[in-house]
Each structure stands twice: as C-alpha cells, then as structure tokens.
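Peer 1: here you go, sequence then predicted model.
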Amino acid sequence: MMRSSSLLSGLGRVYIGLVLVFLYLPLVIMAAMSFNASPFYQLPFEGTTSWYAALASNEGLIASTLNSLQIAVLTTLIATTLGTAASLALFRSDFRGKRALQALLFPPIAIPWLISGTAMLIFFFGTGIGRGLHAILLGHVALALPYVIIVVSARLQTFPRELEDAAASLGASRWQTTRKVTLPAIAPGIVAGALFAFAVSFDQFVVSYFLATPGQTTLPVEIYAAIRKGFTPEINAVSTIVILFSMGLMLIVSRFFRFAGDR
Amino acid sequence: MARVDVKNVSLSFGAYRALNDVSISFADGGFYALLGPSGSGKTTLLRMIAGFEYPDEGSILIGGEAVESVPVDKRRIGMVFQNYAIFPNMSVAENVAFGLRVRGEKGAGVEKAVSDALDLVQLGHLAKRRPHQLSGGQRQRVALARAIVTKPRVLLLDEPLSALDKGLRKDMQIELKRIQREVGVTTIFVTHDQDEALSISDRIGILKDGAIVQEGAPEEIYDRPRSEFAATFLGEANIIEGTAEGGRLTLENGVSIPLPQEAARSSGHLRCAIRPERVHVVPGGLASVNLSQAGTLTGIVRHKLFSGSLSTYSIDCDGRQFQAIVPRTGEDDIRMGSPVEVTWKKEDLIILA
C-alpha cells in the first residue's frame, strides 16, 4: 500500500513537472535569448544586455507598451465597476427578462474575437466612433464585461442574502450595506474578475489590430507589425519584461486573495 | 420599546395568498411566539413587521406610528436571523457595533454600548474573535447582542434556535428569556417548535394558511384550544365526535358520554378533544365511575410507549385510536391486548369549533 501510494505521488510529481516544462520552457528560452548577443539564436550563448538598451531607444515599442498598459488598466477599472454593479443588480432584483439577459451574457465569450473585431469595426465605422485608442478601449471593455459579470455572479451565488437583510435591519442604507457588507464578502470574486478583464485587454490582439490606427497602437499589434518587418531580439526583451510584470501581478494578487473558499 | 399592532393585513405572492386579513397586537415588553407549520405565514408576518415585505392591504403600527410603508432600515427594529447572518468580514465587536456605526455614532459611546451588549450575552471575553472562530451558540449570542445594542423598538427573532442542538437550545431558551426580561424589549419570536413556544413566551399566536387561528397565553391555548388544528398542533389530543342532545354526546358506536356545562345546551353534530394526560385507564373494564359525571369508553390496549416517568398507551376503542398518558406510579399495570376502560372527567372535554 505504502509503496504503491508513494509511487503514485512520484508519478504525480513527474506529471506536474512535465506540465510546468510545457508551460514555461518556451518562455524561458525566449527570456534567455533576449540576453544572447546573436540576433539569429546562434549558440554558443554570449551574454549581452544590448537588446534591452536598444529597446530603450525604440520609441514605437515603448509607446505601444504604454498604450497597452493604459488601456488594460482603464478596461479593468471600467469593466470591473460596471460588471460588479450589473452582477449586484442581477443578484438583488427580479425583473422580466432577467433570465434571458443572463443567458445572453455567455455567448459573447464563445464568439471568435475575429468576428467580434469585424463587427466592432463595422459598427464603429458606421456610427462615427471610428478607430484609435478610444475605440480599442471601448472594444476591450465590451469584451471584458461578460467575464467580470460571470465571475462576480458566481461569487454572489455563495453570498448569503441574509447578510444584506441583517445590515438593513440594523439601519444600514442600501449603499452602506453594499460598501460594508456585500463588497468585502465578494472581494475575491471582484479581484478575479478584474484579473480577467486585465488579461483580456492586455493580451488582446485581434480586436486591437482591427481598431488600431498606424500612430496609435497596442503592444501585441506593434510586435506583430515588427515581426512582419523582420524579427529583432528587442521583441524578446520587451516580451520578457511583460512576462515578468504579468507574473508578478498575478503572484501579488494570489497572495492577498485565495480564490477558493471563504477566507 | 413599543407595542406593535397588525391590523387587517393581507399579502399575496402572485396567486399565493401568504397572509389573509391578519390582525394581532403585541403589548409593550411582551414576549410573543408566532407558532405554525411551515407555509403558515408566520415568517412572512415577521418579515412584514420588520419591513422586508409590504402588505397589499392593512396597516402595521409600531408604538402607534403607522410604518407599513417605511423601509426596513428606517423602522428601528432588531432582528435575529435563522442562520444568525453574522458578517464574516468583521470581528465580534465590529459586528455588534455595526448598527451604531451606520447611524453615524462614534467614539467611546459606541465602545461602551458594544461591551455592555456583549456582557449581557456573556461574550465580553470574545470581542476580538472572528466569526469563523465561534460555535453556533456563540454566533447566536453575537446576533442577539447586535440586534439589541441599537435599542430597537421591537426585537424580531426568526427561528433563532432551530440550528442549535437540543441541549444548547434549552439553555438558550432560558438565556433568551432572561435577556428579554432584562432589556424589556417587545419581542416577537417565530417558531415551529410547540415546546419552545409554550416554555418561553407570555403569549402565543397560532397561524395556519396565512391566518391567526388562535391567540392567547400558553396555558389558555393549551387548555382551551378552539379548533382541532390548535388542539393537535399545540400538544396531543384525542378527537371525539358525535351528536349532542340534552347535555350528552352520542358517538357513532352508540356510546353516550356527558358534555361539560358550557355545552349543556348544544345540539347537533359536535367535535370535542380530550388531552391524553386527562385520560385515566382502568384495567379490566370494571370501572365504578359515575356515568353521568365521567366519559367512558371501552377498548383494547394496542401499543405502549414507555418513556421513564410516563407511559403513553394507544387504545383501540371500536376502531378509534385513543391516546392516554399514564404516570409511572407503580399501579400502572396495564397489559398489551387486555381490555380496559378509558375515562375522564366531563369538564376535561374540550369543545371545538
């Protein structure tokens, strides 16, 4: 018994190890190559930080990175606020067509971004919203909103309604109840929803590509354009920075919030 | 502290009539139980007094002030919920302080009120605990302290003891009664547990199908239930029916029993109840009772349920099951399958509507 269970746990470790290699090896190679002097991945490895130095003077990459961050942060703030408010409304009130509305929140997640992007392009063109960073922001918020609503609503399903009743019975207004009782209780769901919103925006290529204008673009679109022109290891360098930033963000958030369970 | 009057209140949820022309008054400082089976409307009535539901018709007065359209957070009530509804993101003291803080109170006054309330429920030493570190009984006390610290005009309790185990529930009943007497707040308590209603309340209102069936002091309702429902829901009762004539009741099997004084002039079909502990069981069917003063039936003992100080017998009287509770006095030699006579004093017969 002991032997077979230790064998199983050994196999489990090997399996987890393989999963991690599969997930991270390409990223590690890319990060390593961002420090390699040869622009053609030639070995032996020759250490350099010149690509990072080159990056500092690549205005296109820097500007698009800042655009991406700005849009991702704004998308996160707007989509999380609107999505949380919508989830609370769906949770608290019963109205005609509520079920239909909730059902309609799921399909946009399954619609290919290529199609959403085309639809937005046509719509924005037709309504005069046009293209540019404002259009990208609008598009990202629309893409992120269903994720936030679904994640926050899932959290609200385990939220005991009696807590809101108790707060009201103690004299708390609707707003006091929301701020002091409901929001703290569903905070892990809101943070998870915000992370989704950030990821949807920061990762977004297809929709951004459709809505970007030559001067105003996001990092994924800029990287794609750069690769088409001719690959430079500066892309490795900026990608490495982005990976470290994203992973750091996730680590910080997961330290403060456990997504499973209550506390 | 205030009296509460519910006047001709009705409420429907769609086609379902949850409350139907309910009127009941709760005196200032009283301890009331609203008792009824599930679906009787007792919780709806409580939630309506709290302000979570608004009546379709009728009015609710707290301290003489009509509040039926005042929202819950403006009614100045205190409520304890079935699952306590302790805020998980706050400590015990923060939970208790919540009602004062949302009113904008601050500083030493709040702290004093919170520690007084926690002392009252004997939890002063746990003020800094988090809710998940508390037992069920302790959560119950926190919920109670939180509800009374704001000095509500009326305290509403929604089956507050139903989630506790039996021993703890008995302790909490006594505790609840003590706290209520100390605070003196008008208290309305919803329960489906008849023993709980009988043991802790000054008055009981029995509900069925959205209406008050009977209201009164526990002893009064137990001794003088007006309907079969009240008689059987609050305690056990044997139901007897027959045709009344000249102060006697003739049953289906032809046996005639005397009616109490109050029903001496009744005639026609009549339903009566007799409590099992008022029934005497005489072995052998040789009772020398005065048939004009006592009701008597003959039957065969079918079942015995021994519970220490008492035994409950089930006696088959011409196909009708009759329950009798007999104290264990040493003279209770009643054997299964043996013929017996069951008798009772005629005044012990309860006339039902």
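Peer 2: Sure, I can see it.
Peer 1: quick check: the residue of the stretch 101-250 of chain B nearest chain A.
Peer 2: Here the stretch 101-250 of chain B gets closest to chain A at one residue, B:Val102, 4.3 Å apart by C-beta to the nearest C-beta. Bear in mind the C-beta positions are built from the backbone N, C-alpha and C, glycine included.
Peer 1: just the pLDDT for residue 14.
Peer 2: Since you didn't name a chain, this refers to chain A. Looking at A:Val14, its pLDDT is 91.
Peer 1: nope, chain B please
Peer 2: At B:Gly14, pLDDT is 87.
Peer 1: ok, it - how many residues close by?
Peer 2: A count of neighbours around B:Gly14, defined by other C-beta atoms under 10 Å in any protein chain shown, yields 6.
Peer 1: ok, now A:Leu211?
Peer 2: 29.
Peer 1: contacts only, for it.
Peer 2: By C-beta atoms under 8 Å, 6 or more residues apart in numbering or on different chains, the contact set of A:Leu211 is A:Gly117, A:Met120, A:Leu121, A:Phe124, A:Arg131, A:Gly132, A:Ala135, A:Ile136, A:Gly139.
Peer 1: also B:Val102?
Peer 2: Contacts of B:Val102 were listed using C-beta under 8 Å, 6+ apart, and they are A:Ala167, A:Leu170, A:Gly171, A:Ala172, A:Ser173, A:Gln176, A:Lys180.
Peer 1: other SSEs contacting the helix or strand hosting A:Arg255?
Peer 2: Per DSSP states H and E, A:Arg255 falls inside helix A:234-256. Identification of packing neighbours for helix A:234-256 by 3 or more C-beta pairs under 8 Å, 6 or more residues apart in numbering or on different chains; DSSP states H and E yields helix A:2-33, helix A:50-56, helix A:59-92, helix A:183-202, helix A:219-229.
Peer 1: any idea how far the first one is from the middle of the chain?
Peer 2: By that I understand helix A:2-33. Centroid displacement of helix A:2-33 relative to its chain, using C-alpha atoms, centre = their mean, to the nearest Å, is 25 Å.
Peer 1: any buried residues in stretch B:73-93, and which?
Peer 2: B:73, B:75-93 (16 or more other C-beta atoms under 10 Å in any protein chain shown).
Peer 1: which ones among those residues map onto strands?
Peer 2: Within the buried residues of stretch B:73-93, membership in strands is found for B:Ile77, B:Gly78, B:Met79, B:Val80, as judged by DSSP state E.
Peer 1: contacting residues for the first one?
Peer 2: Just to be clear, that refers to B:Ile77. By C-beta under 8 Å, 6+ apart, B:Ile77 lies in contact with A:Ser169, B:Ile49, B:Ala50, B:Gly51, B:Ile62, B:Pro152, B:Arg153, B:Val154, B:Leu155, B:Leu156.
Peer 1: got a winner among those residues for most neighbours?
Peer 2: Most neighbours among the contacts of B:Ile77, by other C-beta under 10 Å: A:Ser169, with 29 neighbours.
Peer 1: for it, what are its contacts?
Peer 2: Residues near A:Ser169 by C-beta under 8 Å, 6+ apart: B:Ala50, B:Gly51, B:Val72, B:Asp73, B:Ile77, B:Gly78, B:Met79, B:Ala147, B:Leu156.
Peer 1: list just the nearest of those residues to B:Glu347.
Peer 2: Nearest to B:Glu347 out of the contacts of A:Ser169 is B:Leu156 (C-beta to C-beta; 38.9 Å).
Peer 1: you'd agree the closest one is in a strand?
Peer 2: Yes - when DSSP: H, G, I helix; E, B strand; the rest coil is applied, B:Leu156 is found to be in a strand.
Peer 1: as JSON lines, the contacts of B:Val102 with secondary structure and neighbour count would be great.
Peer 2: Below are the contacts of B:Val102 laid out as JSON lines (DSSP: H, G, I helix; E, B strand; the rest coil; neighbours: other C-beta atoms under 10 Å in any protein chain shown):
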{"residue": "A:Ala167", "secondary structure": "helix", "neighbour count": "25"}
{"residue": "A:Leu170", "secondary structure": "coil", "neighbour count": "29"}
{"residue": "A:Gly171", "secondary structure": "coil", "neighbour count": "23"}
{"residue": "A:Ala172", "secondary structure": "coil", "neighbour count": "23"}
{"residue": "A:Ser173", "secondary structure": "coil", "neighbour count": "14"}
{"residue": "A:Gln176", "secondary structure": "helix", "neighbour count": "18"}
{"residue": "A:Lys180", "secondary structure": "helix", "neighbour count": "19"}
